[in-house]
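In: Provided below for reference: sequence and predicted model.
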Amino acid sequence: MLNERKTEQIVRSHFLKFINDINIEEQISDIPIIKKILKSASKAGQGHGKPEFIITFKDYQDLLIVIECKASIKNHESSNRDNCKDYAVDGVLLYSSYLSREFNVIAIAVSGESTKQLKISHFLQIKGEKAVPFLGNKLLPIKDYIDNYIKSPEKFRQDYDALLSFAKQLNEELHKNKILESQRALLISCILIALENKAFKESYKSHKTPQDLANALVLTVVSELKSAKITNEKLENLEVQFSFIKTDTSLSTQDGILRNIIEEIDVNINSFIKTHEYFDVLGQLYIEFLRYANSDKGLGIVLTPPHITEFFSELAKVNKNTICYDNCAGTGGFLISAMKKMIYDAKGDNEIIKNIKRNQLIGVEFQSHIFALVVSNMYIHQDGKTNIINGSCFNEYIIKKVKKIKPTVGLLNPPYKANKATDTDELEFVLNNLECLVEGGTCVAIVPMQSALAQSGRVYEYKKQLLEKHTLEAVLSMPDELFFNSNVGVVSCIMVFTAHKPHPKSKETYFGYYKDDGFVKRKIKGRVDAYDKWEAIKEKWLTYFFNRKNEAGFSISKSVSADDEWAAEAYMETDYTNLSKDDFIKTIKNYAFFNELYLK
């Protein structure tokens, strides 16, 4: 005769091994909020819900595990998951749907009377979201549950949304206290570095005056950077950039303001960085500040969205042996994404990882305040700042210095010119990056579509130079509103080159119409992957690029010269089978709107 108690004993024995880290309750919880939630969560549709086990964590107050058991594996899961009383998966998902109103929930369904025949299903349900499949078919140590929960895309999205909400709140607070827009990201980077210092972190609340705290903050950062082997010239530059903290009226004279900001940043930003490694946090905060006060728009600052910086690393096949160069480093988004990819490929080899951070990441940034951000960003991500250079990437001394390191991959988003007549052209930065790469190296750049379409003038001349010296492997048309979060309306494309190999006349370049990345606009959050489409879309983009696959309306390979337009739109075949009456109506409406808005 089947006995569900046997199943429960297997589960109980497994989790009791970790009792120092968790609390285990059976059927009824003593925790008031859980008790209240389960009061109306009965599997029979009325009365109190009584899951087999409710597990809470001593160190993670927002997470719990709920477990439902069945003796027979035949009762593991129904076809429609709508028989909560008789099936383990159905029942545990019901409990999870209630509990996720207040908690993040790992839901575990277990069926079978012996460890050999045990059937297990895991789900993760983030507060306010739907449950998704999670992990495999084995009961795991508690540490593995926590690690996988923390690193899950769902948890990242929840934390990232919270980070953006905090960034908006922090921006308003800094504005209220009259901290200049150009100094806000510097203040945050300074605080994040100081919080790496254990003595400062434990003592910052005890300073008697705001001036003492401001002085201690800057002194700690200078000391930290000095200990990290930042050279004197760089150190002086960084100290100048951070020195405003000691003289700013709000920060250095008004009691509590700086102390409260440090505490808020430690809780809301520092914890995010510790949880989600190798993410360009400072870059995202900078974007958020620009969204509300875009004072740097005239400087051409357009920060690349994180999913695209990661896409670049995959396009370039970045690995543990890559030496990566960004001659327009900005806040370091490309270098951090490359570092993440390289360290992943190192598979835990500490010597290789140490060499990656010390010798395989090179960046040049011209603007001093942005240079301070990229150095801070790389420092916060545990080094990688050794080869960050402040200066012009066109300086001969810098070019020679970079060439000596022999970079194999170049990744860049050049500053977009505000004055077409006098500013350095975007393709000049691409030529500069390619010049510094080894022969056969890969350069991936995102530039305005105008650069790809030019058929006359100086941009056309740069196109000729590119093909005379290098091979144009691909041009990928990007989504029209890719830089929406930076308040910049430029339409862009990605160009992929092989360095120092002249473009053969018979060579076919791959053109991709990569206009839909699955992201949508949301109030406050900006442009986000709200429907989790990006991973599948990215997989298709990469597969078609690497295999040079052609698809009507999406991609095509074509031989081109500098005289031609470098854009998929110019050569693609149209797949008319996908057109509908709705497409026609939408196009007519867009045309009518355009006429009304621009031609009258």
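Out: Cool, the structure landed. Note that this is a predicted model, so its numbers are computed, not measured.
In: Phi, psi for A445 please.
Out: Here the main-chain torsion angles of A445 (degrees, to the nearest 10) amount to phi -130, psi 150.
In: again with the one 3 residues further on
Out: Summarising the backbone geometry of P448 under the convention degrees, to the nearest 10, its torsions are phi -60, psi 140.
In: Distance of the nearest residue to it once chain neighbours are set aside relative to P414?
Out: Leaving out its chain neighbours, the residue that sits closest to P448 by C-beta to C-beta, 6 or more residues apart in numbering is V490, at 5.1 Å. Heads up, the C-betas are built off the backbone N, CA and C, glycines and all. When distances are taken as C-beta to C-beta, to the nearest Å, V490 and P414 turn out to be 12 Å apart.
In: for P448, same thing?
Out: In this structure, P448 and P414 are separated by 9 Å, where distance is defined by C-beta to C-beta.
In: can you check V132 too?
Out: Distance, V132 to P414, using C-beta to C-beta: 39 Å.
In: Likewise for T309?
Out: Per C-beta to C-beta, T309 is found 14 Å from P414.
In: Please apply the same query to F511.
Out: With the distance defined as C-beta to C-beta, F511 ends up 21 Å from P414.
In: how about I389, secondary structure?
Out: Following DSSP: H, G, I helix; E, B strand; the rest coil, the label given to I389 is strand.
In: pLDDT score for the residue lying closest to I37 once chain neighbours are set aside?
Out: The spatial neighbour of I37 that comes closest, neighbours along the chain excluded (C-beta to C-beta, 6+ apart), is Y98 at 5.2 Å. At Y98 the predicted local distance difference test score is 91.
In: if I pick Y98, what's in contact with it?
Out: By C-beta atoms under 8 Å, 6 or more residues apart in numbering, the contact list for Y98 reads 37-38, 40-41, 49.
In: For ChimeraX, write a command that selects the buried ones of these.
Out: Command for ChimeraX that selects the buried part of the contacts of Y98, burial taken from 16 or more other C-beta atoms under 10 Å:
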select :37,38,41,49
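In: Adding pLDDT and secondary structure, write the contacts of Y98 out as a markdown table.
Out: Conversion of the contacts of Y98 to a markdown table gives the following (pLDDT from 0 to 100; DSSP: H, G, I helix; E, B strand; the rest coil):
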| residue | pLDDT | secondary structure |
| --- | --- | --- |
| I37 | 88 | helix |
| L38 | 86 | helix |
| S40 | 78 | coil |
| A41 | 73 | coil |
| G49 | 73 | coil |
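In: coming back round to it: give me the element the residue nearest to P448 is part of.
Out: In this assignment (DSSP states H and E), V490 forms part of neither any helix nor any strand.
In: Let me know how buried it is, in neighbour terms.
Out: One way to gauge burial is a neighbour count; for V490, by other C-beta atoms under 10 Å, it gives 18.
In: Same question for K74.
Out: Applying other C-beta under 10 Å, we find 12 other residues in the vicinity of K74.
In: so what's it scoring on pLDDT?
Out: 92.
In: Any figure for the gap between it and F394?
Out: Applying C-beta to C-beta, one obtains 71 Å for the distance of K74 from F394.
In: what do you get for T7?
Out: In this structure, T7 and F394 are 69 Å apart, going by C-beta to C-beta.
In: Could you check which of the two has the larger neighbour count?
Out: Between T7 and F394, counted using other C-beta under 10 Å, the more crowded position is T7 (25 against 16).
In: Go ahead and confirm that one touches C69.
Out: Yes. Proximity of T7 to C69 meets the contact threshold set by C-beta atoms under 8 Å, at 4.3 Å.
In: Which neighbours do these two have in common?
Out: Taking C-beta under 8 Å, 6+ apart as the contact rule, T7 and C69 both touch 110-111.
In: Quickly note the distance from the residue nearest in space to the middle of the chain to F279.
Out: When C-alpha atoms, centre = their mean is applied to the chain, the residue found nearest the centroid is P306 (4.1 Å). Remark: distance between P306 and F279 (C-beta to C-beta) = 7 Å.
In: What of L174?
Out: When C-beta to C-beta is applied, the distance between L174 and F279 equals 22 Å.
In: List the contacts of the closest residue to the residue nearest to the centre of the chain other than its chain neighbours.
Out: Ranked by C-beta to C-beta, 6+ apart and with sequence neighbours excluded, the top spatial neighbour of P306 is D280, at 6.0 Å. With C-beta under 8 Å, 6+ apart as the criterion, the residues that contact D280 are 306, 309, 331-333, 336-337, 377.
In: repeat for K533
Out: 517-518.
In: same thing but 6 Å
Out: Contacts were defined as C-beta atoms under 6 Å, 6 or more residues apart in numbering; by that measure K533 touches G518.
In: remind me which residues of the chain are low pLDDT?
Out: In the predicted model, the chain carries pLDDT under 70 at residues 1, 43-47, 278, 288, 290-301, 382-385, 487, 524, 574-579, 590-600.
In: Outline the domain layout of it.
Out: Segmentation of the chain into domains, based on automatic domain parsing, reads 4-151, 156-274, 277-283+294-583.
In: Would you mind giving these as CSV with distance to K589 added?
Out: Putting those into CSV (distance: least, C-beta to C-beta, whole Å) gives the following:
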stretch, distance to K589
domain 4-151, 33
domain 156-274, 32
domain 277-283+294-583, 10
